[in-house]
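>>> please work out how this folds:
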Amino acid sequence: MIRGALSPAIIPWRLPRPDADSTEHDYLAALQAIYAYSENPKAHAEQRLGREQKLRRMRTVLGLIGSPQTRFETVLIAGTKGKGSMAALLTSILETAGHRVGRYTQPHLYSHRERIWANGDYISERELVDGLARLQPALSAVEQHADELGPLTTFDVGTALALDYFAHEGIDIAVVEVGVGGANDSTNVLEPLLGLIGPIGLDHAETLGHTIDAIARHKAGIMRSGIEVIVSRQLPEAERALNEAAASVGARLTSLYSDFEWCSPDPVHGRFTFTGSSETIDSIETPLLGPCQRDNGAMAVAGALALRKLGWKISTDQILQGIRELSWPGRFQTAVAEPLTIVDGAHNPAAMRALADTVRECLPGRPISLVIGMSTEKDVVRSLSELAPFVREVIATRARHVRACEPERLVHAAGELGLPARAIQDPAEAVACAWDRQPPDGVTLIAGSLFLAGDVLEWLWRRSYEPATISGR
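Now for the predicted structure:
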């Protein structure tokens, strides 16, 4: 019997409906307008001006709409991997504690609405349309000065939209994921009361530099004099750069495995214990699997305790509940129980290394078919090499995103690593092929890009998922 023809046992998740399924013309037009800011190719000089003037450009836009970022507090989260998970965990803790919270993350899986969350729900289609309309006069004014300020980007517009929406929703605090880097990122116009920095690796080298030291110094740009910055485990050169940057600006560093840690008899499943300088919290449970997610969980707990020291009311029970009740799809997510199918957004060597650790712990000895699709700018050989010891075959595919690389490049990379591989352009067909070939104890693992994770989850949603829990406002 062909597995790909069976009805898969899909496990529900909570996301807005896919953008492709929206019937709201105004919403789809608004998305098209947002994406248009980054669609047209730009000359090198224009790109350089855009980078150099990014913060000035963002401050100008925000000033023209009344400086919404001054009406709430902010936590900034930077790093190469784990940013989204830390943001989601800390948001869940703060909401459980009764605070009005905004969350800004990127990219999304299959709905742009996923990027903006406030007061317990995603931004609605109508709210996004209205928010862009409020921004339009300011955006038009800034575009008229593009020769001085540089061209607006999709990320600039999305960030301004999110901050304006947060102010309109009356949030108390925003948990904001930094885009690329930190020092010269659109989000760095914010003045955080707390910073978190996840593990730093080689990624976005064309923008941030080709060494860990250079990239770490960009990430350190979120530091401010007098604030606490909580740092996850780092490579020695990143740790050194972050320490030097903190000393130069007067930030206080608190580091995982130096100032706090987690421990558990099982590094993947079950409960774990957080131990800090002033508090120990037992019996922490998270739905996110793997050692790296325990690190992220410990970072979120440390963040919550730091906010408590600043006067935010957060009890230990609320920390436990917030972590336990988190919903964060696309991160080692068991999307299908039969045939067992796991979706993960790992997209660079550092994230693939963390995924490999989770596979080693969670799926020991299981035959794994890897369905992989990556972006053109990523180091595909180094990324794939992290998973190679655990994979029996590779099925290379291509997400719909414009930056997705051709499957043949991934097939070539697999060949260099001695892995049997084939190319199937369509992600749904690639997954169905993996199911057809999956032995009873096998696993289909989808990884390489959050864009690919989104394409697969969207296909599963459409195939047989009727989500009573989806927010379709």
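
>>> Three-state assignment for Phe274, please.
strand (DSSP: H, G, I helix; E, B strand; the rest coil).

>>> list the contacts for Arg294?
Arg294 sits next to 262, 264, 267, 272, 286 when contact means Cβ atoms under 8 Å, 6 or more residues apart in numbering. Heads up, the C-betas are built off the backbone N, CA and C, glycines and all.

>>> from these, pick the one nearest Gln438.
Within the contacts of Arg294, the smallest distance to Gln438 is 26.6 Å, found for Pro267 (Cβ to Cβ).

>>> work out the gap between the helix or strand harbouring Phe155 and the centre of the chain.
Applying DSSP states H and E as the criterion places Phe155 in helix 154-169. Centroid separation for helix 154-169 versus its chain: 17 Å, with Cα atoms, centre = their mean, to the nearest Å.

>>> mind starting the numbering at 44 from now?
All right, first residue 44 from here; so that's helix 197-212.

>>> okay, buried residues for that helix please.
For helix 197-212, a neighbour-count test (16 or more other Cβ atoms under 10 Å) marks 197-210, 212 as buried.

>>> ok, whichever helix or strand comes after it: who's next to it in the sheet?
Downstream of helix 197-212, the next assigned helix or strand under DSSP H and E is strand 216-220. Here strand 216-220 is paired, per DSSP bridges, with strand 116-121 (parallel), strand 144-147 (parallel).

>>> quick check: angle from the longest one to helix 197-212?
What that stands for is strand 116-121. Orientation check (axes from the mean of the first three to the mean of the last three Cα atoms, to 10 degrees): strand 116-121 against helix 197-212 gives 150 degrees.

>>> and the lowest mean pLDDT element among the helices and strands of the chain?
One helix or strand of the chain scores below all others by mean pLDDT, DSSP states H and E: helix 248-251, with a mean of 66.

>>> next secondary structure element downstream of that one?
Taking DSSP H and E as the definition, the helix or strand right after helix 248-251 is helix 255-262.

>>> ok, and what's touching the helix or strand following that following helix?
Per DSSP H and E, the first helix or strand lying C-terminal to helix 255-262 is strand 271-274. Residues from elsewhere that reach strand 271-274 (Cβ under 8 Å, 6+ apart): 237-240, 265-266, 282, 285, 289, 294-299, 342, 345-346, 349.

>>> of all the strands paired with strand 216-220, which one is nearest Leu71?
Among the strands paired with strand 216-220, strand 144-147 sits nearest to Leu71 (Cβ to Cβ), with 21.7 Å.

>>> what's the offset of the closest one from the middle of its chain?
Here the centre of strand 144-147 is set off from its chain's centre by 13 Å, with Cα atoms, centre = their mean.

>>> check stretch 277-287 too.
For stretch 277-287 - counting by Cα atoms, centre = their mean - the centre lies 22 Å from the chain centre.

>>> do the same with stretch 447-459
The answer for stretch 447-459 is 24 Å, by Cα atoms, centre = their mean.

>>> which residues does that stretch contact?
415-419, 421, 423-424, 427, 431, 437, 439-441, 463-468, 491-492, 494-495.

>>> the same query, at a cut-off of 7 Å, please.
Identification of contacts with stretch 447-459 by Cβ atoms under 7 Å, 6 or more residues apart in numbering yields 415-419, 423-424, 427, 437, 439-441, 464-468, 494.

>>> what's the burial count for Ala79?
11 (other Cβ atoms under 10 Å).

>>> confidence score at it?
Looking at Ala79, its pLDDT reads 95.

>>> could you find the closest non-adjacent residue to it?
Counting by Cβ to Cβ, 6 or more residues apart in numbering, Ala79 lies nearest to Thr197, which is 7.9 Å off, once chain neighbours are set aside.

>>> doesn't Ile77 make contact with the one you found?
Yes: using Cβ atoms under 7 Å, Thr197 is in contact with Ile77, at 5.6 Å.

>>> domains for the protein, by residue range?
46-53+373-507, 85-367 (automatic domain parsing).

>>> now Tyr78, nearest residue through space, not along the chain?
Using Cβ to Cβ, 6+ apart, the nearest residue to Tyr78 is Thr197, at 5.7 Å.

>>> dump the residue contacts of that neighbour.
77-78, 80-81.

>>> from Ala76, how far off is it?
10 Å (Cβ to Cβ, to the nearest Å).

>>> can you count the residues close to the nearest residue to Phe303 once chain neighbours are set aside?
Residue nearest to Phe303 in three dimensions, not counting chain neighbours: Gly319, with 4.0 Å by Cβ to Cβ, 6+ apart. Residue crowding around Gly319 was assessed by other Cβ under 10 Å; the count is 17.

>>> in contact with Gly319, which residues?
Taking Cβ under 7 Å, 6+ apart, we find Gly319 in contact with 302-303, 345, 348.

>>> hang on, Ala345 packs against Phe303?
Yes: if you go by Cβ under 7 Å, Ala345 and Phe303 touch, sitting 5.2 Å apart.

>>> and those two? which has more neighbours close in?
Taking neighbours as other Cβ under 10 Å, Ala345 and Phe303 compare with Ala345 leading, 29 against 21.

>>> helix, strand, or coil at Pro330?
coil.

>>> strands paired with whichever strand or helix holds Thr487, and their directions?
Using DSSP H and E, Thr487 sits within strand 486-490. Under the criterion DSSP bridges, strand 486-490 sits next to strand 384-386 (parallel), strand 411-415 (parallel) in its sheet.

>>> can you put the ones you listed in JSON lines and add mean neighbour count and distance to Ser358?
As requested, the strands paired with strand 486-490 are exported to JSON lines (neighbours: other Cβ atoms under 10 Å; distance: least, Cβ to Cβ, whole Å):
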{"stretch": "strand 384-386", "mean neighbour count": "25", "distance to Ser358": "34"}
{"stretch": "strand 411-415", "mean neighbour count": "25", "distance to Ser358": "41"}
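
>>> include mean pLDDT and distance to Ser135 when you put the ones you listed into TSV, please.
Shown next, in TSV, are the strands paired with strand 486-490 (pLDDT from 0 to 100; distance: least, Cβ to Cβ, whole Å):
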stretch	mean pLDDT	distance to Ser135
strand 384-386	97	20
strand 411-415	97	29
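
>>> and the ones you listed: which comes nearest Arg156?
Closest of those to Arg156 is strand 384-386, at 19.3 Å (criterion: Cβ to Cβ).

>>> how many neighbours does Arg295 have?
Residues lying near Arg295 (other Cβ under 10 Å) number 13.

>>> measure the residue nearest to the spatial centre of the chain to Thr323 for me?
In the chain, the residue lying closest to the centroid (Cα atoms, centre = their mean) is Gly127, at 3.5 Å. Going from Gly127 to Thr323 by Cβ to Cβ gives 27 Å.

>>> can you redo the strands paired with strand 216-220 as CSV with mean pLDDT and mean neighbour count?
As requested, the strands paired with strand 216-220 are exported to CSV (pLDDT from 0 to 100; neighbours: other Cβ atoms under 10 Å):
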stretch, mean pLDDT, mean neighbour count
strand 116-121, 98, 26
strand 144-147, 98, 26
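
>>> CSV for those strands, including distance to Leu453?
CSV is the format used below for these (distance: least, Cβ to Cβ, whole Å):
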stretch, distance to Leu453
strand 116-121, 29
strand 144-147, 31
